[in-house]
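1. Kindly generate the corresponding structure for this input.
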Amino acid sequence: IKDLPHDLSSIIAEGGSNFSVGQRQLLCLARAILKKSRILILDEPTANVDSWTEKLLQKAVVSSFPGATIIAIAHRLDTIIDFDQILVFGQGEVLEYGSPRDLLALEGGHFSSMIKDTGEQTEKELIKKIGLHKIIPT
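-> So this is what the prediction gives:
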């Protein structure tokens, strides 16, 4: 917002064409924060931002919406790894549902496989974020 020519008073063209996709995403989040929304639906909230901005967005969502219901559609696992519950979809169907910890414990599970597919370093970071030291199959 501070980088906009007139802060919150900046004019937004129809469809937001005078902003990048990432800027539009940030503006939408800023509006939700100002409205103190209790329900937030995020569709690929970090898809069009760099990793530094992604981390800022994650912190902003956590700190700005305590107790809110947040539904996030995301391919970046880092975006949702600390959510209370996760739905894993595949071909239009629910494949798995549960806490990140429970889903990681499902041997051969989809979520667990996605975590492993991120590579050894990222896998360790994601597992650490939910308070585990390694994937423990059930």
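2. For the nearest residue to L106 once chain neighbours are set aside, the count of nearby residues, please.
-> Taking Cβ to Cβ, 6 or more residues apart in numbering, and ignoring the residues beside it in sequence, L106 has S112 as its nearest neighbour in space, at 5.8 Å. No exception for glycine: its C-beta is placed from N, CA and C like everyone else's. One way to gauge burial is a neighbour count; for S112, by other Cβ atoms under 10 Å, it gives 20.
3. Buried residues, the one helix or strand S112 maps to. List them.
-> Secondary structure assignment for S112, by DSSP states H and E: helix 110-116. Applying a neighbour-count criterion of 16 or more other Cβ atoms under 10 Å, one finds F111, S112, I115 buried in helix 110-116.
4. From the chain's centroid, how far away is the strand or helix carrying T79?
-> When elements are assigned from DSSP H and E, T79 belongs to helix 77-80. For helix 77-80, the separation from the chain centroid amounts to 5 Å (computed by Cα atoms, centre = their mean, to the nearest Å).
5. Thank you kindly, that will do.
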